[in-house]
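[1] sequence unavailable; structure follows:
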C-alpha cells in the first residue's frame, strides 16, 4: 500500500479513525463544536475551515500529504487569527509545537502563547511569551494578561509580533491601548498633597515618581500613601489654577 493510499483512508485496519482523519475531524471540531475543548481558541474567535476541506476529507488529505503531514505531526495555524486554509496551515513536529525549535522565519504556532512577542521599550523580539517572561524575570500568565489587555508589565508595553513587518516598524507604529473603563480615570487630574505637585493623570504621576499606576490608584481609593505621599483627585479647573 502506498503512503498516499494508507493515510487517505478514513479508518485504519482495525476500523478506528485513521490519524489523518482524526486530524481533519478535530480541525472541524475546533471551529464548529462549542463543546470541544479547543473551540474557545478557534470557533469562538470566528476562525473557520476552508470550505472545500470542510466538505471533503479527500481534498484535505491530498493537501496534507503533499505538504509534509505524517503520523505524529500536528496541524497548526501560521497566523493564529486567520482561518484553516491552504496558505495558513503547517504541519509541525511535537518539538516545534512545544516551542523547543522555534524558527522566526516561519512564525508557525499552535497556541497563542507560542507566538513571538515584542517588548516596545526594549525594541526586542522574543520567540514566545514564555521566553520573554523568563528572560525578564516575570510570569508567563501575567505577561499574557498584559498582552490581552494592552497594559504595561515589567515597566513595558508588549505586543504580539507581526511576522510580515520588521520589529522597528511595529515599535514605531505602536499606540498604547486605553480600555474604556480607564479613559476617564486616566485623564482625571490629581495632586500630590505632600509636595503640592499636580498631574494631568495617574499615569503621568506614576511615571514622574517611578511607581505603578496601581499603587497611586490604591492610595487615592484608600487614603493611603504612594511614593511616600498622599494623593487626591482634583477637577480640571483646579488643575489649571494650580498649574
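    Perfect, thanks for sending it. This is a predicted model, so every value here is computed, not measured. Residues are numbered from 1 along each chain as shown.
[2] show me the contacts for the nearest residue to residue 189 once chain neighbours are set aside.
    Of all residues not flanking residue 189 in the chain, residue 239 sits nearest, at 3.7 Å (CB to CB, 6 or more residues apart in numbering). All C-beta atoms are positioned from the backbone trio N, CA, C, and that covers glycine. Shown in contact with residue 239 (CB atoms under 8 Å, 6 or more residues apart in numbering): 189, 191, 198, 200.
[3] got a list of what the spatially closest residue to residue 152 that is not a sequence neighbour touches?
    Of all residues not flanking residue 152 in the chain, residue 146 sits nearest, at 6.6 Å (CB to CB, 6+ apart). Neighbour list for residue 146: 152-153, 157-158 [criterion: CB under 8 Å, 6+ apart].
[4] would a markdown table of those residues with secondary structure and distance to residue 117 be doable?
    Shown next, in a markdown table, are the contacts of residue 146 (DSSP: H, G, I helix; E, B strand; the rest coil; distance: CB to CB, whole Å):
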| residue | secondary structure | distance to residue 117 |
| --- | --- | --- |
| 152 | coil | 14 |
| 153 | strand | 11 |
| 157 | coil | 11 |
| 158 | strand | 6 |
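[5] now a PyMOL select for only the buried ones of these.
    Here is the PyMOL command that selects the buried residues among the contacts of residue 146 (16 or more other CB atoms under 10 Å):
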select buried, resi 152+153+157+158
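[6] next SSE after the lowest-mean-pLDDT helix or strand in the chain?
    Least confident helix or strand, the chain: helix 180-186 with a mean of 43, by mean pLDDT, DSSP states H and E. Where DSSP states H and E defines the elements, the next helix or strand beyond helix 180-186 is strand 190-192.
[7] and that following strand, how far out from the chain middle?
    Its chain's C-alpha centre and that of strand 190-192 lie 35 Å apart, by CA atoms, centre = their mean, to the nearest Å.
[8] and for stretch 30-41?
    On CA atoms, centre = their mean, the centre of stretch 30-41 falls 18 Å from the chain's centre.
[9] neighbouring contacts of it?
    Residues contacting stretch 30-41 (CB under 8 Å, 6+ apart): 26, 29, 42-44, 47-49, 84, 111-112.
[10] so which bits of the helix or strand hosting the residue nearest to residue 152 are buried?
    For residue 146, the host element (DSSP H and E) is helix 140-149. Of the residues in helix 140-149, 143-144, 146-147 count as buried by neighbour count, 16+ other CB under 10 Å.
[11] and what of stretch 236-243?
    Neighbour counts over stretch 236-243 (16+ other CB under 10 Å) mark residue 239 as buried.
[12] re the thing from before, of the contacts of residue 146, just say which sits nearest to residue 78.
    residue 158 (21.1 Å; CB to CB).
[13] tell me where the model's unsure across the chain.
    1-16, 94-114, 163-164, 177-187 (pLDDT under 70).
[14] make sure residue 139 is actually in contact with residue 133.
    Yes: at 5.8 Å, residue 139 and residue 133 qualify as touching, with contact defined as CB atoms under 8 Å.
[15] these two - which one has more neighbours?
    Using other CB atoms under 10 Å as the criterion, residue 139 and residue 133 rank with residue 133 on top: 22 against 14.
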